[in-house]
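Q: predicted model and sequence follow; I will ask about them next.
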Amino acid sequence: MAKHETPLLDQLETGQWPSFVTDIKREAESRAKNERNIEYQIPADVCEDLLGVLELSFKHGRTHWKHGGIVGVFGYGGGVIGRYCDQPEQFPGVAHFHTMRVSQPAGKFYTTKYLESICDLWERRGSGITNMHGSTGDIIFLGTTTPQLEEVFYELSHNLNQDLGGSGSNLRTPSDCVGQARCEFACFDTQALCHDLTNEYQDELHRPAFPYKFKFKFDGCPNCCVASIARSDLSFIGLWRDEIRIDQEAVKAYVGGEIPPNGGAHAGRDWGAFDIQKEVIGLCPTECMRYENGKLEINNKECNHCMHCINAMPRALRVGEDRGCAMLAGAKAPILDGAQMGTLIVPFIKVEPPYTEIKETVIEPIWDWWMEEGKNRERLGELMKRQGLQRLLEVTGFAPDARMVQEPRTNPYIFWKEDEVDGGWERDINEFRKHHQR
Amino acid sequence: MEYEEAKQKILDGLTKKLKSKSKFYFNDLSKIMGVKPREAKKVVNKMVEEGLLEYWSSGSTSMYGMPGTGKQAAAEHED
């Protein structure tokens, strides 16, 4: 029989969706049986106490977790999030229930052996409950005691060649799409850049000195599979600046129904014959395509890289050859100030190792500005809003570009600075009075 | 600024404010030292290494404090 009665949690299992309550009960049962004779280093009934404290919170309508804590591994200010229960006598198994963030491999590529190893480690030294993956992409270990933190970190770093991820006012674990490893649309090697910046900025990842969190995300193309444009303070989105490559024979094959559109997706229903005019040309947001006399033409100067035509006809259309990425800054979820999407700050930059231009002309000047000017708990996007895009351009030295603005401005005033005006603000009053009476 | 001088400034500054608060943002420490964040970070890191400062994290925000200070300290240590 379960250690605690959980009638309210049991209701959560009755819906049509998979339930985390069922998962935790299953883990509790497995720990109680301990068929593999694991030497548990934290209370074996941790999962039952977790369910118990959650049931109590539902009953009381308030949380029984305290806020944050001073735990960590030596020298690291991130990667461990202290969680303490305020009912330790009733639920001793979760008196400490700290979270550990484990930096996910770039592109989330790992072997089953690696997964087994980290799960075994967490079964022995933690609750066995994981979250694959957190919103920043980390492998999240949920629930262990303070003495186990250093032990887990030692095993991760010495046996599994694995580091902790970012938390708190740090650079968060950089996250990328699967990239060129499996995707033909990727315009740069997202995994290489993600890995390089993770190594380069170890100090920023582990020792907090920023006003608040800071996220890098890398998308190989504008399909934005890791949603960098919406979820990262500095977003890298792969794109090309030459022409979309067209295979006219393949276009004809799509039109003739020989190749299924959208890579065969939406095949669960008969949508009728592929209509290139309706499904591709007519949906082009900049109306820069036409299909006449069996020939597809694209006015590439007007293309805004929306990816729709390439997604619809991937065998016929391919990304260009002159590839790099665009960089956008300031996206964030709604905490202090509402949700924001990224603002374009670098329309195009080549992505080539050792990425010096990206580091020295974009990342570091932006960090210097935000570290000096950012208020406590102010994200980069909020600072950009408070001080203005113009100020960001001044501190970074980027040239203003029409592509940075969404629409012509409605404010007719121009505020010049003294050094932008011939002669500055000084004037000869006598010369002025010659032409203008008092 | 020499490390010893910066260290003393922080310890004095934090002790003075102890009555009202025990956790400080990184920016508060830079202001106490009167230096830019990059420079302040070197001093703060060293003080953490020496056990003179410790991290506090809510999970989303990080703060610094002197070990053993604050309401939670007693509850969070093992003894």
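A: Cool, got the structure. Numbers count the residues shown, from 1 in each chain, chains lettered A, B, ... in the order given.
Q: A:Gln390 and A:Thr396, how far apart?
A: For A:Gln390, the distance to A:Thr396 equals 11 Å [Cβ to Cβ, to the nearest Å]. Where you see a C-beta, it was placed from the backbone N, CA and C, and this is true even at glycine.
Q: correction: B:Lys19
A: 42 Å.
Q: cool, and A:Gly79?
A: Going from A:Gly79 to A:Thr396 by Cβ to Cβ gives 30 Å.
Q: compare those two (neighbour count), which wins?
A: Set A:Gly79 next to A:Thr396 and count neighbours by other Cβ atoms under 10 Å in any protein chain shown: A:Gly79 wins out with 27 against 19.
Q: now that one: closest residue in space that isn't a chain neighbour?
A: Using Cβ to Cβ, 6 or more residues apart in numbering or on different chains and skipping the chain neighbours, the partner closest in space to A:Gly79 is A:Leu164 (3.0 Å).
Q: does that neighbour have beta-bridge partners, and which?
A: Counting by DSSP bridges, A:Leu164 is bridged to A:Val102.
Q: tell me who's in contact with it.
A: A:Val73, A:Tyr76, A:Gly78, A:Gly79, A:Val80, A:Met100, A:Arg101, A:Val102, A:Ser103, A:Phe153, A:Leu156, A:His206 (Cβ atoms under 8 Å, 6 or more residues apart in numbering or on different chains).
Q: of the residues you listed - the most surrounded one?
A: When neighbours are counted by other Cβ under 10 Å, A:Val80 leads the contacts of A:Leu164 with 30 neighbours.
Q: ok, back up a step: redo the contacts of A:Leu164 as a markdown table? Include secondary structure and pLDDT.
A: Below are the contacts of A:Leu164 laid out as a markdown table (DSSP: H, G, I helix; E, B strand; the rest coil; pLDDT from 0 to 100):
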| residue | secondary structure | pLDDT |
| --- | --- | --- |
| A:Val73 | coil | 93 |
| A:Tyr76 | coil | 93 |
| A:Gly78 | coil | 94 |
| A:Gly79 | coil | 95 |
| A:Val80 | strand | 95 |
| A:Met100 | strand | 96 |
| A:Arg101 | strand | 96 |
| A:Val102 | strand | 96 |
| A:Ser103 | coil | 95 |
| A:Phe153 | helix | 98 |
| A:Leu156 | helix | 97 |
| A:His206 | helix | 96 |
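Q: for those, which one is nearest B:Lys31?
A: Proximity of the contacts of A:Leu164 to B:Lys31 (Cβ to Cβ) peaks at A:Gly78, which lies at 22.5 Å.
Q: how close does that closest one sit to chain B?
A: Separation of A:Gly78 from chain B (Cβ to the nearest Cβ, to the nearest Å): 7 Å.
Q: thought that residue was touching A:Gly165?
A: Yes - counting by Cβ atoms under 8 Å, A:Gly165 is a contact partner of A:Gly78 at 7.5 Å.
Q: what residues are shared contacts of the two?
A: Common neighbours of A:Gly78 and A:Gly165, counting by Cβ under 8 Å, 6+ apart, are A:Arg101, A:Leu205.
Q: SS state for A:Ile38?
A: coil (DSSP: H, G, I helix; E, B strand; the rest coil).
Q: and A:Glu48, how far is that from chain B?
A: Distance from A:Glu48 to chain B, counting by Cβ to the nearest Cβ: 23 Å.
Q: just A:Pro353 next, same as before
A: The value you get for A:Pro353 to chain B, if Cβ to the nearest Cβ is used, is 25 Å.
Q: which phi and psi values does that residue adopt?
A: The phi/psi pair for A:Pro353 (degrees, to the nearest 10) reads phi -60, psi 140.
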